[in-house]
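>>> my questions are about this predicted structure, shown below with the sequence.
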Amino acid sequence: MHRQRLVLGGVLVIALFGGGMLFGDDPKPKGQGKLPANWPKLGLTDEQKRQIYSIQSEYKSKIDDLQSQIDQLRRKERAEMSKVLTDAQKARLREIIAEKAGAGDDAKKKPGGDK
């Protein structure tokens, strides 16, 4: 019975996603960007939209590469900074981080803890 529900659920998901692709004549290529805020109000032609999505695609790969470099530098920075701390300070930092993580969970569990 459980297996049948899983199969049926999977079929429904595929049908919903597949069916959604059949409707509309969206000039946006699959997996491409989104028009900036207020740009849809400008009455852009399909060709203009295609050009914008193409530009976004070109820059997205460049931005993703740079973001990856930034992330790597941040990890290296954090590792270098950690080397300055004593073992006791590192242990205390882990405790503080764990306390903060626990406090966030407690706030969600308590009524009115949406702060």
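Perfect, I can see it now.

>>> in the helix ranked longest in the chain, what counts as buried?
In the chain, taking DSSP state H as the definition, the longest helix is helix 46-84. Within helix 46-84, the residues that qualify as buried by neighbour count (16 or more other CB atoms under 10 Å) are 49, 52-53, 56. Glycine gets a C-beta too; all of them are placed from N, C-alpha and C.

>>> adding pLDDT and distance to Ile97, write these out as JSON lines.
Formatted as JSON lines, those follow (pLDDT from 0 to 100; distance: CB to CB, whole Å):
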{"residue": "Lys49", "pLDDT": "96", "distance to Ile97": "45"}
{"residue": "Ile52", "pLDDT": "96", "distance to Ile97": "42"}
{"residue": "Tyr53", "pLDDT": "95", "distance to Ile97": "41"}
{"residue": "Gln56", "pLDDT": "94", "distance to Ile97": "37"}
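
>>> which SS state does Lys34 fall under?
coil (DSSP: H, G, I helix; E, B strand; the rest coil).

>>> phi, psi of it?
phi -130, psi 150 (degrees, to the nearest 10).

>>> okay, now it: neighbour count?
11 (other CB atoms under 10 Å).

>>> quick one: least confident helix or strand in this protein?
Least confident helix or strand, the chain: helix 2-22 with a mean of 52, by mean pLDDT, DSSP states H and E.

>>> Ala37 - how many residues pack around it?
Residues lying near Ala37 (other CB under 10 Å) number 7.

>>> so where does it fall, helix or strand?
Assessed by DSSP states H and E, Ala37 sits outside every helix and strand.

>>> for it, give me the pLDDT.
Per-residue confidence (pLDDT) for Ala37: 96.

>>> from Asp64, how far off is it?
21 Å (CB to CB, to the nearest Å).

>>> again with Glu58
11 Å.

>>> Ile96 now?
33 Å.

>>> tell me the contacts of Leu85?
Leu93 (CB atoms under 8 Å, 6 or more residues apart in numbering).

>>> now Lys41: how far from Tyr53?
For Lys41 relative to Tyr53 (CB to CB), the value is 17 Å.
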